[in-house]
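# Sequence plus predicted model, see below.
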Amino acid sequence: ALIHAGASNETKVKIRWIHSEELTPQNVTQKLAGLQGVLVAPGFGDRGTEGKIKAVQYARENKIPFFGICLGMQMAVIEFARNVMNLKDANSTEMNSYTNHPVISLMEEQNDVTNKGGTMRLGAWDCSLEETSLVYNAYKAKEISERHRHRYEFNNEYLEEIKSHGMQTTGINPKTGLVEIVEISDHPWFVGVQYHPEYKSTVLNPHPLFIDFIKAALQKV
(Lines give C-alpha, C1' and ligand atoms only; values in the text may rest on other atoms or scores of the structure.)
Protein backbone atom coordinates (compact mmCIF):
# COMPACT_ATOMS: atom_id res chain seq x y z
CA ALA A 1 0.00 0.00 0.00
CA LEU A 2 2.89 2.38 0.73
CA ILE A 3 4.46 1.59 -2.64
CA HIS A 4 1.10 2.11 -4.39
CA ALA A 5 0.80 5.51 -2.69
CA GLY A 6 4.35 6.42 -3.63
CA ALA A 7 3.61 5.79 -7.29
CA SER A 8 0.50 7.95 -7.02
CA ASN A 9 2.69 10.75 -5.60
CA GLU A 10 5.33 10.16 -8.30
CA THR A 11 7.94 9.17 -5.73
CA LYS A 12 9.69 6.01 -4.56
CA VAL A 13 8.97 5.17 -0.96
CA LYS A 14 11.96 3.93 1.00
CA ILE A 15 10.76 1.83 3.92
CA ARG A 16 12.94 1.49 7.00
CA TRP A 17 11.67 -1.46 9.05
CA ILE A 18 12.20 -0.94 12.79
CA HIS A 19 11.41 -3.65 15.33
CA SER A 20 9.49 -2.02 18.17
CA GLU A 21 10.98 -4.47 20.66
CA GLU A 22 14.32 -2.72 20.09
CA LEU A 23 12.98 0.79 20.77
CA THR A 24 13.70 2.26 24.20
CA PRO A 25 13.47 5.76 25.69
CA GLN A 26 17.26 5.89 25.39
CA ASN A 27 17.58 5.01 21.68
CA VAL A 28 14.29 6.10 20.09
CA THR A 29 15.69 9.39 18.81
CA GLN A 30 18.66 7.65 17.20
CA LYS A 31 16.56 4.82 15.74
CA LEU A 32 13.93 7.12 14.19
CA ALA A 33 16.24 9.95 13.13
CA GLY A 34 15.79 11.11 9.56
CA LEU A 35 12.35 9.61 8.99
CA GLN A 36 9.80 11.66 7.03
CA GLY A 37 6.89 9.55 8.27
CA VAL A 38 6.15 6.92 10.91
CA LEU A 39 3.65 4.08 10.45
CA VAL A 40 2.81 1.86 13.43
CA ALA A 41 1.40 -1.34 11.98
CA PRO A 42 -1.29 -3.77 13.14
CA GLY A 43 -0.61 -6.58 15.56
CA PHE A 44 -1.85 -8.59 18.54
CA GLY A 45 -0.62 -9.06 22.09
CA ASP A 46 1.82 -7.05 24.17
CA ARG A 47 5.02 -7.86 22.29
CA GLY A 48 6.86 -4.64 21.48
CA THR A 49 3.99 -2.38 22.52
CA GLU A 50 6.08 -0.08 24.72
CA GLY A 51 8.40 0.52 21.78
CA LYS A 52 5.42 1.31 19.57
CA ILE A 53 4.21 3.83 22.15
CA LYS A 54 7.65 5.49 22.15
CA ALA A 55 7.54 5.68 18.34
CA VAL A 56 4.14 7.38 18.50
CA GLN A 57 5.45 9.85 21.07
CA TYR A 58 8.46 10.68 18.89
CA ALA A 59 6.26 11.30 15.84
CA ARG A 60 3.75 13.37 17.82
CA GLU A 61 6.31 15.55 19.59
CA ASN A 62 8.48 16.10 16.50
CA LYS A 63 5.51 16.81 14.18
CA ILE A 64 6.39 13.91 11.88
CA PRO A 65 3.51 12.52 9.80
CA PHE A 66 2.08 9.55 11.69
CA PHE A 67 -0.20 6.76 10.54
CA GLY A 68 -1.46 4.17 13.05
CA ILE A 69 -3.38 1.12 11.83
CA CYS A 70 -5.52 -1.04 14.16
CA LEU A 71 -3.15 -1.73 17.09
CA GLY A 72 -1.15 1.27 15.88
CA MET A 73 -4.21 3.47 16.41
CA GLN A 74 -4.67 2.00 19.89
CA MET A 75 -1.03 2.72 20.76
CA ALA A 76 -1.58 6.33 19.70
CA VAL A 77 -4.53 6.65 22.08
CA ILE A 78 -2.51 5.11 24.93
CA GLU A 79 0.48 7.37 24.25
CA PHE A 80 -1.72 10.45 24.21
CA ALA A 81 -3.45 9.45 27.44
CA ARG A 82 -0.14 8.84 29.20
CA ASN A 83 1.87 11.81 28.01
CA VAL A 84 -0.70 14.51 27.27
CA MET A 85 -3.50 13.68 29.70
CA ASN A 86 -1.04 12.53 32.37
CA LEU A 87 -2.80 9.19 32.92
CA LYS A 88 0.54 7.47 33.47
CA ASP A 89 -0.70 3.89 33.64
CA ALA A 90 -3.15 4.20 30.72
CA ASN A 91 -3.22 1.02 28.70
CA SER A 92 -5.30 -1.50 26.80
CA THR A 93 -6.89 -4.31 28.77
CA GLU A 94 -5.30 -6.58 26.16
CA MET A 95 -1.90 -5.66 27.63
CA ASN A 96 -2.88 -5.03 31.25
CA SER A 97 -6.29 -6.14 32.47
CA TYR A 98 -5.70 -4.32 35.78
CA THR A 99 -4.88 -0.87 34.41
CA ASN A 100 -6.61 2.01 36.22
CA HIS A 101 -7.17 3.77 32.90
CA PRO A 102 -8.34 1.29 30.22
CA VAL A 103 -8.52 3.74 27.32
CA ILE A 104 -8.66 0.69 25.04
CA SER A 105 -10.86 -2.22 26.11
CA LEU A 106 -13.03 -5.09 24.95
CA MET A 107 -16.37 -4.33 23.41
CA GLU A 108 -19.07 -4.73 26.05
CA GLU A 109 -20.67 -7.73 24.37
CA GLN A 110 -17.32 -9.57 24.33
CA ASN A 111 -16.46 -9.31 28.01
CA ASP A 112 -17.70 -12.82 28.77
CA VAL A 113 -16.43 -14.45 25.61
CA THR A 114 -13.15 -16.36 25.73
CA ASN A 115 -12.95 -17.98 22.31
CA LYS A 116 -10.78 -15.42 20.53
CA GLY A 117 -11.44 -16.83 17.09
CA GLY A 118 -15.13 -16.06 17.40
CA THR A 119 -15.03 -12.66 19.06
CA MET A 120 -13.24 -10.51 16.51
CA ARG A 121 -14.96 -7.67 14.69
CA LEU A 122 -14.54 -8.81 11.10
CA GLY A 123 -15.59 -7.64 7.66
CA ALA A 124 -16.72 -4.30 6.32
CA TRP A 125 -18.19 -1.69 8.69
CA ASP A 126 -19.49 1.79 7.95
CA CYS A 127 -17.87 4.95 9.27
CA SER A 128 -19.05 8.58 9.26
CA LEU A 129 -16.33 11.22 8.84
CA GLU A 130 -16.05 14.74 10.24
CA GLU A 131 -15.98 17.12 7.30
CA THR A 132 -13.20 19.24 8.81
CA SER A 133 -10.85 16.26 9.22
CA LEU A 134 -7.73 15.03 7.44
CA VAL A 135 -9.49 11.78 6.62
CA TYR A 136 -12.41 13.55 4.97
CA ASN A 137 -9.92 15.53 2.91
CA ALA A 138 -8.32 12.24 1.82
CA TYR A 139 -11.49 10.27 1.08
CA LYS A 140 -13.54 13.19 -0.28
CA ALA A 141 -16.56 11.44 1.23
CA LYS A 142 -18.72 11.70 4.33
CA GLU A 143 -19.49 7.98 4.57
CA ILE A 144 -16.98 5.18 4.03
CA SER A 145 -16.82 1.41 4.54
CA GLU A 146 -13.61 -0.34 5.62
CA ARG A 147 -12.57 -3.82 6.69
CA HIS A 148 -11.87 -4.77 10.30
CA ARG A 149 -10.04 -7.52 12.16
CA HIS A 150 -9.76 -6.81 15.88
CA ARG A 151 -11.28 -7.41 19.31
CA TYR A 152 -10.39 -4.33 21.35
CA GLU A 153 -11.84 -0.84 20.90
CA PHE A 154 -11.48 2.79 21.94
CA ASN A 155 -13.16 3.11 25.35
CA ASN A 156 -15.89 5.74 24.99
CA GLU A 157 -15.80 6.42 28.74
CA TYR A 158 -12.70 8.52 27.98
CA LEU A 159 -14.15 10.16 24.87
CA GLU A 160 -14.84 13.66 26.20
CA GLU A 161 -11.65 13.83 28.26
CA ILE A 162 -9.49 12.84 25.30
CA LYS A 163 -11.21 15.33 23.00
CA SER A 164 -10.78 18.13 25.54
CA HIS A 165 -7.00 17.57 25.43
CA GLY A 166 -6.76 17.83 21.63
CA MET A 167 -7.21 14.35 20.20
CA GLN A 168 -10.23 14.41 17.91
CA THR A 169 -12.43 11.45 17.03
CA THR A 170 -13.04 12.15 13.36
CA GLY A 171 -14.60 8.83 12.32
CA ILE A 172 -17.47 7.11 14.14
CA ASN A 173 -19.38 3.92 13.38
CA PRO A 174 -22.94 5.25 12.94
CA LYS A 175 -24.57 2.04 14.23
CA THR A 176 -22.43 1.29 17.29
CA GLY A 177 -21.05 4.72 18.20
CA LEU A 178 -17.55 3.19 18.34
CA VAL A 179 -14.57 5.37 17.47
CA GLU A 180 -12.93 4.35 14.20
CA ILE A 181 -10.51 7.25 13.60
CA VAL A 182 -8.49 9.65 15.76
CA GLU A 183 -6.50 12.72 14.76
CA ILE A 184 -4.49 15.34 16.65
CA SER A 185 -5.56 18.86 15.86
CA ASP A 186 -2.22 20.67 16.34
CA HIS A 187 -0.15 18.21 14.27
CA PRO A 188 0.55 18.42 10.51
CA TRP A 189 -0.69 14.85 9.82
CA PHE A 190 -1.52 12.47 12.65
CA VAL A 191 -4.12 9.79 11.90
CA GLY A 192 -4.98 6.53 13.64
CA VAL A 193 -7.59 4.16 12.20
CA GLN A 194 -9.10 1.10 13.86
CA TYR A 195 -9.67 -0.63 10.53
CA HIS A 196 -7.29 -1.99 7.86
CA PRO A 197 -7.08 0.35 4.86
CA GLU A 198 -4.20 -1.66 3.41
CA TYR A 199 -6.65 -4.46 2.55
CA LYS A 200 -8.26 -2.32 -0.15
CA SER A 201 -5.18 -0.77 -1.75
CA THR A 202 -4.17 -1.89 -5.24
CA VAL A 203 -1.72 -0.74 -7.89
CA LEU A 204 -4.56 0.71 -9.98
CA ASN A 205 -6.47 2.09 -7.00
CA PRO A 206 -4.11 3.14 -4.17
CA HIS A 207 -5.84 3.79 -0.88
CA PRO A 208 -6.54 7.51 -0.31
CA LEU A 209 -5.20 7.51 3.27
CA PHE A 210 -1.88 6.06 2.17
CA ILE A 211 -1.72 8.60 -0.66
CA ASP A 212 -2.31 11.44 1.79
CA PHE A 213 0.19 10.03 4.30
CA ILE A 214 2.94 9.87 1.67
CA LYS A 215 2.02 13.35 0.45
CA ALA A 216 2.45 14.65 4.00
CA ALA A 217 5.76 12.80 4.37
CA LEU A 218 7.06 14.39 1.17
CA GLN A 219 6.56 17.80 2.75
CA LYS A 220 9.07 16.79 5.46
CA VAL A 221 11.83 16.05 2.92
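All right, it came through fine.
# is it true that I53 touches V77?
No: in this structure, I53 is not within contact of V77 by Cβ atoms under 8 Å, at 10.1 Å. Every C-beta, even on glycine, is put in place using the N, C-alpha and C of the backbone.
# Do a quick rundown of the helices in the protein.
For the chain, the helices defined by DSSP state H cover 2-8, 28-32, 49-61, 71-83, 134-139, 159-164, 208-218.
# can you put these in a markdown table and add distance to G171?
Formatted as a markdown table, these follow (distance: least, Cβ to Cβ, whole Å):
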| stretch | distance to G171 |
| --- | --- |
| helix 2-8 | 19 |
| helix 28-32 | 27 |
| helix 49-61 | 18 |
| helix 71-83 | 10 |
| helix 134-139 | 6 |
| helix 159-164 | 13 |
| helix 208-218 | 11 |
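# So which of those helices has the densest surroundings on average?
Ranked by mean neighbour count, these are led by helix 71-83 with a mean of 25 (mean count of other Cβ atoms under 10 Å).
# Now tell me what touches that one from outside.
For helix 71-83, the external contacting residues (Cβ atoms under 8 Å, 6 or more residues apart in numbering) are 39-44, 49, 52-53, 56-57, 60, 66, 68, 87-92, 101, 103-104, 150, 152, 154, 158, 162, 165, 167, 181-182, 184, 190, 192-194.
# Quick one: buried ones out of those residues?
Buried subset of the contacts of helix 71-83 (neighbour count, 16 or more other Cβ atoms under 10 Å): 39-40, 42-43, 49, 52-53, 56-57, 60, 66, 68, 87, 90-92, 101, 103-104, 150, 152, 154, 158, 162, 167, 181-182, 184, 190, 192-194.
# Can you list which of these are found in strands?
39-40, 66, 68, 91-92, 103-104, 150, 152, 154, 167, 181-182, 184, 190, 192-193 (DSSP state E).
# related to what we said a few turns ago, ok, which of the helices of the chain comes nearest R16?
When these are compared by Cβ to Cβ, helix 28-32 sits nearest R16, at 8.8 Å.
# Contact partners for the spatially closest residue to A141 that is not a sequence neighbour?
Excluding the flanking residues, the one nearest A141 by Cβ to Cβ, 6 or more residues apart in numbering is L129, at 7.0 Å. By Cβ under 8 Å, 6+ apart, the contact list for L129 reads 135-136, 139, 141-144, 170-171, 181.
# and the gap between L129 and A1?
For L129, the distance to A1 equals 19 Å [Cβ to Cβ, to the nearest Å].
# pLDDT below threshold where in the chain?
Filtered on pLDDT under 70, the chain yields the residue ranges 107-123, 150, 221.
# how about a cut-off of 50?
Within the chain, the ranges that satisfy pLDDT under 50 run 112-115, 117-118.
# what's near enough to touch the residue lying closest to E94 once chain neighbours are set aside?
Of all residues not flanking E94 in the chain, Y152 sits nearest, at 5.1 Å (Cβ to Cβ, 6+ apart). Applying Cβ under 8 Å, 6+ apart, we find Y152 in contact with 74, 92-94, 104-107.
# next one: T29
Y58.
# now it: how far from E157?
Counting by Cβ to Cβ - T29 and E157 are separated by 34 Å.
# Kindly report the same for G6.
Distance from G6 to E157, by Cβ to Cβ: 39 Å.
# P174 too?
P174 is 20 Å from E157, by Cβ to Cβ.
# give me the number of residues near the nearest residue to T169 once chain neighbours are set aside?
Leaving aside its sequence neighbours, T169 sits nearest to V179 (Cβ to Cβ, 6+ apart; 4.7 Å). V179: 23 surrounding residues under other Cβ atoms under 10 Å.
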